[in-house]
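K.L.:
For reference, the sequence and a predicted model appear below.
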Amino acid sequence: MRRSKRTAVIAVLAAAGVVAIGALATGAASWGGGIGLTEVPTANTKSPGFAPASKLSPELAQIVVAQASTKVENPTAQVSYYGYDNDVLNAAGEPQMLPTPAVNNEAHKTEPDKNTYLVFKWSLPGADPHYWYGRHFLFQGHEGGSPGVLTRINLDADAAHRVTLLATADATGAPLATIDGSTWDPWARRLLLTTESASAPTYSATPGYPSVVQDVSGALGRGGYEGIQNDDEGNIWIVEDIGGASKPGTTAKIPHSFLYRYVPKHRGDLANGKLQVLQVLNGAGTPITEASQTPLDSADQLALHGYGSSFRTRWITIHDTATGGITPFNANDLARAHDGTPFKRPENGVFRPGSHFRDFYFDETGDTNASSAENATAGGWCSIFKLSQRDASANEGRLAIFYKCDGVRAGFDNIQFLSRDSLGVVEDAGDTLHTQRNALDSGYALDVELDYSRPANQPLRWLAEGRDPSATIDAANSGFGKNDQDNEITGLHVSDGDPSVHGVLGAKKPKLWHDGWRWFYTQQHGDNPTYEVVPAG
C-alpha cells in the first residue's frame, strides 16, 4: 500500500525504537503528544452472524495474556477458569463454554474488568509454594457471575501457573460482590476494588495468595462506584456509574452519578477519613443538582456541555468517620442530600501526567441510545470533562468540558493517558446503540492540547473492535439470559508497574514500551481475552 511521507516517517521512527510525536488525524493537521499512530478509518459494522476481526493502527499489535478459557492454577468447585463460573457443566465436568445441540446454554461468563499492573522487587506467593511466579503481575476484579472473583495474571509464569484465583470471599467468609474498578494504593499497600452497586461493599485486598479482602465501605462508602484513583496526597478519587431514571416520555437519563474524593486521616488509612462529593456552581453561583438537571435540556445541563464554559467547583464533605462512625453507608443518597452535582454515568477518571495532579479528566458515558433527545445538547452521546485545581487536596477548582461526543463517537467508558498529552478512551456503546448506528465499539486517542470545539479536530481511532464468534453466538441468543452480547472494550491501562508512592498514575509521564511501560486492555464478553498492546513487528 502506498503510504504518505508522514506515515512513512512514523514507521521509520518506530522501527528505530523512537517514540514519534504526532500522528495522522482525518481532517486535522496533526494529533500531537503521543506515539505515532495511523488512523483506523472506520468502525466494524454489526450484523447477524457476522464476527469481524478487530482492526488496530498498523503501528500496533496485541498479544493475549489470558482469556476466559485459561484454567486457573487453583480451581475451586465454583470457579476453575479465568472467565467462567461452573454453573453449567458439560459431561466432562468442564464449564459449558459454547451451546451445543444437546445443551442450548452456557456457563456464566465472569467478565474480567479493570486492569492494574504491578511490578514487585520480589516474587509474590501463589498456590504452588515451590514455584517462582516472577515479578510482573496484572490484577482484575470480575464484574459478572457469582460469587465475585479476584484474579492475578502472572505475566512471567508458564501456562500451568498463568492465572491465580486470589479470592472469592472476603476476610469474614462472605462471598465477594462482583467487582468493577481497581487500583493500587501505595500507602495502604492494598488493591482498592469497586463494585458498581449502592448495596455492595468497597474492598481493599492484598496482592499475594491468598488475598485478604476487607470491606472498607465504612469509610469510603458504597455507591455505583467504578473508576478509582489515588493522587499524590494519598486522597482517593472515585467515579460513580449509576444510570438514573429516564426523563418523562424520553430515553434521556436524569444525571444521577457523582464524583467523590476520600480524604484519609493519614495517608493509607482506609478506616478513618472524610468522603466528599464534587459540587459544581452555575453562573449564578447556585449548585447544579439532580433537581436542576431533571427538566429536558435544562439550562444547567446545556451550560455544562457548552464548549468554552467554565464553572466553579467545591468539595462538600458528606461523611466523616470521626462523627458518623464506620457503618457502611450509601454515598449516592448522601451526595444528593448535600447538593452534589451528578453527571450522566461518569465511569472513569485519570490525572494528566506532568500536571502535578492539578488536572483530572473524567468521562461521562451518556445515554447510549440514538433516540435520546439530549444526545447533541446535554451529554447524551458522551463527554469528557476537565477538573482543574491548585493541587489535588484543594477544596475549590474549575470545571470545563474538554470533548463533546457526536454519535460517531459515543458511550466512552475507560480512559487512560498513553503519554503526557495523549488521552486514550474506549467506547462501551452497548448492543442497542451498536445496532442503531451499525457500528461496534472503538478505541480513540485525544490530544489534550487540541481545541475540540473546532470541527477539524477529531479523535484518532487506534482500535476498531471486532466481535468474536462467542459474542456473536450470545448476540443471537440474548446471552442465554445471563451473558452480555457484543464485545466491549474495558480495562485500558498504561503503567510501568511501580508500586511505590512515586508510581501513582499521573506522577510520571508515560513512555510506552520504554523503561518498563506497558499497555493492556480487556475485550469483555465472548471469549473475554486480556491483551497487551505492543509495537507491530
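P.N.:
Everything's here; your move.

K.L.:
Tell me how far Ala127 lies from Thr206.
P.N.:
Ala127 sits 15 Å away from Thr206, going by CB to CB, to the nearest Å. Using the backbone N, CA and C atoms, a C-beta is placed for each residue, glycine as well.

K.L.:
The stretch 1-150 of the chain: strands as residue ranges?
P.N.:
In the stretch 1-150 of the chain, the strands defined using DSSP state E, counting those that start in this stretch lie at 55-56, 60-66, 79-81, 84-85, 112-119, 136-142, 149-154.

K.L.:
With the stretch 351-500 of the chain instead?
P.N.:
359-364, 383-389, 396-404, 412-417, 422-427, 442-447, 460-464, 488-495.

K.L.:
For Pro99, which of those is the nearest?
P.N.:
Comparison of those against Pro99 by CB to CB identifies strand 488-495 as nearest, at 20.8 Å.

K.L.:
Sheet-wise, list the partners of that closest one with their directions.
P.N.:
Its sheet considered, strand 488-495 pairs with strand 518-524 (antiparallel) by DSSP bridges.

K.L.:
Just say helix, strand or coil for the closest residue to Gly141 other than its chain neighbours.
P.N.:
In space, and not counting its chain neighbours, Gly141 is closest to Ile179: 2.5 Å by CB to CB, 6 or more residues apart in numbering. Classification of Ile179 by DSSP: H, G, I helix; E, B strand; the rest coil places it in coil.

K.L.:
so how many other residues sit close to Ile179?
P.N.:
Neighbour count for Ile179, taken as other CB atoms under 10 Å: 32.

K.L.:
Over to the one 10 residues further on?
P.N.:
When neighbours are counted by other CB under 10 Å, Arg189 registers 12.

K.L.:
Show the contacting residues for it.
P.N.:
Shown in contact with Arg189 (CB atoms under 8 Å, 6 or more residues apart in numbering): 206, 268, 499.

K.L.:
Between those, which sits nearest Ser388?
P.N.:
Distances from Ser388 to the contacts of Arg189, taken by CB to CB, are shortest for Gly268, at 26.3 Å.

K.L.:
where does the nearest residue to that closest one once chain neighbours are set aside fall, phi/psi-wise?
P.N.:
When the adjacent residues along the chain are set aside, Gly268 lies closest to Trp187, with 3.0 Å between them (CB to CB, 6+ apart). For Trp187, the backbone dihedrals are phi -80, psi -40 (criterion: degrees, to the nearest 10).

K.L.:
With Asn332 instead?
P.N.:
Dihedral pair for Asn332: phi -60, psi -40, per degrees, to the nearest 10.

K.L.:
How much space separates the closest residue to it other than its chain neighbours from Ala370?
P.N.:
In space, and not counting its chain neighbours, Asn332 is closest to Gly223: 4.6 Å by CB to CB, 6+ apart. Taking CB to CB as the measure, Gly223 falls 28 Å from Ala370.

K.L.:
and the closest residue to Ala471 other than its chain neighbours, how many neighbours?
P.N.:
The shortest distance from Ala471 to any non-neighbouring residue, by CB to CB, 6+ apart, is to Gly526 (3.0 Å). Using other CB under 10 Å, Gly526 is surrounded by 28 other residues.

K.L.:
same thing with the one 3 residues further on?
P.N.:
Neighbour count for Pro529, taken as other CB under 10 Å: 23.

K.L.:
List the contacts of the nearest residue to it once chain neighbours are set aside.
P.N.:
Take Pro529 and drop its neighbours on the chain: the residue closest to it by CB to CB, 6+ apart is Gln67, 4.0 Å away. Neighbour list for Gln67: 82-83, 527-530 [criterion: CB under 8 Å, 6+ apart].

K.L.:
Most neighbours of all the residues you listed, which one?
P.N.:
Neighbour tally across these (other CB under 10 Å): the maximum, 34 neighbours, falls on Gly83.

K.L.:
And it, its phi and psi?
P.N.:
Per degrees, to the nearest 10, the backbone of Gly83 is at phi -120, psi 20.

K.L.:
Just give the closest residue to it, not the sequence neighbours.
P.N.:
Nearest residue to Gly83 in three dimensions, chain neighbours excluded: Ala68, at 2.6 Å (CB to CB, 6+ apart).

K.L.:
and of the contacts of Gln67, the nearest to Gly249?
P.N.:
Closest approach between those and Gly249, by CB to CB: Asn528, at 37.8 Å.

K.L.:
That closest one contacts Pro112, correct?
P.N.:
Yes - in this structure, Asn528 is within contact of Pro112 by CB atoms under 8 Å, at 6.1 Å.

K.L.:
where do the contact lists of these two overlap?
P.N.:
Counting by CB under 8 Å, 6+ apart, the contacts common to Asn528 and Pro112 are 82-83, 522.

K.L.:
rewinding a little: looking at the strands of the stretch 1-150 of the chain, which is closest to Asp447?
P.N.:
Of all the strands of the stretch 1-150 of the chain, strand 60-66 sits nearest to Asp447, with 17.6 Å by CB to CB.

K.L.:
name the helices or strands packed onto that closest one?
P.N.:
Counting by 3 or more CB pairs under 8 Å, 6 or more residues apart in numbering; DSSP states H and E, the packing neighbours recorded for strand 60-66 are strand 530-535.

K.L.:
could you give the mean pLDDT of the strand it packs on?
P.N.:
For strand 530-535, mean pLDDT is 98.

K.L.:
Between strand 136-142 and that strand, find me the angle.
P.N.:
On the basis of axes from the mean of the first three to the mean of the last three CA atoms, to 10 degrees, strand 530-535 is oriented at 140 degrees to strand 136-142.

K.L.:
so what's Gly93 up against?
P.N.:
Here Gly93 is in contact with no residue (CB under 8 Å, 6+ apart).

K.L.:
now the strands: where do they sit in the stretch 151-300 of the chain?
P.N.:
Using DSSP E, counting those that start in this stretch, strands in the stretch 151-300 of the chain cover 163-167, 182-185, 190-193, 203-205, 213-215, 225-230, 236-240, 259-264, 273-280.

K.L.:
coming back round to it: around the residue nearest to Gly83, count how many other residues there are.
P.N.:
Applying other CB under 10 Å, we find 23 other residues in the vicinity of Ala68.

K.L.:
gap between it and Ser309?
P.N.:
Distance of Ala68 to Ser309, computed by CB to CB: 44 Å.

K.L.:
was I right about Lys509 contacting Arg352?
P.N.:
No - the pair Lys509 / Arg352 is not scored as a contact, 9.7 Å apart, by CB under 8 Å.

K.L.:
Looking at these two now, which is surrounded by more residues?
P.N.:
A side-by-side neighbour count of Lys509 and Arg352, using other CB under 10 Å, places Arg352 first with 20 against 13.

K.L.:
Show the pLDDT at the more buried one.
P.N.:
Looking at Arg352, its pLDDT reads 98.

K.L.:
excluding its backbone neighbours, what's nearest it?
P.N.:
Asp359 (4.2 Å).

K.L.:
how close does the one you found get to Gly424?
P.N.:
In this view, Asp359 and Gly424 are 16 Å apart by CB to CB.

K.L.:
now Thr251
P.N.:
For Thr251 relative to Gly424 (CB to CB), the value is 29 Å.

K.L.:
which residues of this protein score low on pLDDT?
P.N.:
Scanning the chain with the threshold set as pLDDT under 70 gives 1-35.
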